[in-house]
Each structure stands twice: as structure tokens, then as C-alpha cells.
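> Coordinates for the following, if possible.
(one chain, ligands or ions: 2)
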Amino acid sequence: MSNKTLAIIKPDAVGNGYAGEIIDKIIKAGFKIKAMKMVRLTRASAEGFYAIHKERPFFGELVEYMTSGPCIPIALEKENAVEDYRKLIGATDPAKAEEGTIRKLYAKDIQFNAVHGSDSDENAEKEISHFFSRDELLNNYSE
Ligand code: UDP
Ligand code: MG
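Numbering: from 1, shown residues only. Ligands and ions are numbered 1, 2, ... in the order given. Have a look, this model is predicted:
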């Protein structure tokens, strides 16, 4: 079990002014912020980040959405981080998300769903490296 995950506050949530409330919920749920920045993704960066979905019908729209404005990637640490963070954000489709989850509160639909969360320890490592250099993370993680 790893203790790291990558969150992204996506462009819709940043644009709608929800970034502060979402970060507050993440901290109150017991996650430590290890690195954070605001960036406007290039097409190449968004395509690379979501390469796992490149054959899916929604890939083009997903890249458009993720490059539509600034987003906030956040490297998080907590025991059981991947699973606990996915519980905090709720299902991909906010209509199916539990009450009180971040997506239930802030997402519009299955595409514009406010936040990203890594789905495995292996992908968490890769996704954190997509946004943060070793130097940016060094000394911030407890191990
Ligand atoms: N997405 C979409 N249409 C779909 C499924 C997903 O536009 O039918 C978008 C949505 O923004 C989602 C992202 O693609 O968060 C990645 O999909 P994934 O299945 O990995 O969902 P997640 O891991 O974000 O819950
Ligand atoms: Mg996913």
C-alpha cells in the first residue's frame, strides 16, 4: 500500500471558483499537500497524461476540456491515499456519486467532473512525476 496520490482540480472547478473549498475538503479529510501548482496544460501534456484513454470515444473532448483553462495538480500524502482520495471525490459520474463527495458537490456531469484522482499506486507515481520534478518533491514526502 502506497501513501501517495495525485489530485487535479480541473479547469471547470477552477473557473467556477471552487478551488479553495475543494482544497479545504482535501486537507480536512486528512491529506497532506506535498506539492501544488496552477498550470494551463498544453495539448501535448494533456494527451500524455490521459494516454491510457487515447482509444476511448471521449478522448478528444477530454483533451479539449483539460486544456480549456488553468488546473491545479496537487501531490498528496496519506495512509491508503489512492483509495481514500477516490472515496472522497466519488464516482466519475456525479449523478452516481455519494452525497457529500467532491464530485457530487462540484461536478456538472461525467465529463466536467471537477477533479482527478489516481486509480492505482503505480499510476499515482507516474502522474505525480508528470507534474512535479524530483526537486519539487524532495523533502516533502515523509519517506
Ligand atoms: N470522461 C468523459 N466521458 C466518459 C468518461 C470519462 O468525458 O464517458 C472524462 C472525465 O472527465 C473523467 C476522465 O475522462 O474524469 C477520465 O476517465 P476515467 O474513466 O479515468 O474516470 P476517473 O478516473 O477520472 O474517475
Ligand atoms: Mg481515471
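
> just how off-centre is the lowest-mean-pLDDT helix or strand in the chain within its chain?
Lowest by mean pLDDT, DSSP states H and E among the helices and strands of the chain is helix 134-137, with a mean of 90. Put simply, helix 134-137 sits 18 Å off its chain's centre (C-alpha atoms, centre = their mean, to the nearest Å).

> Determine the set of other helices and strands touching that helix.
Other elements packing on helix 134-137 under the criterion 3 or more C-beta pairs under 8 Å, 6 or more residues apart in numbering; DSSP states H and E are strand 32-36. Backbone N, C-alpha and C define where each C-beta goes, glycine included.

> what's the burial count for Ile26?
By other C-beta atoms under 10 Å, the residues close to Ile26 number 22.

> need the contact list for it.
By C-beta atoms under 8 Å, 6 or more residues apart in numbering, the contact set of Ile26 is 7, 33, 74, 76, 85, 88.
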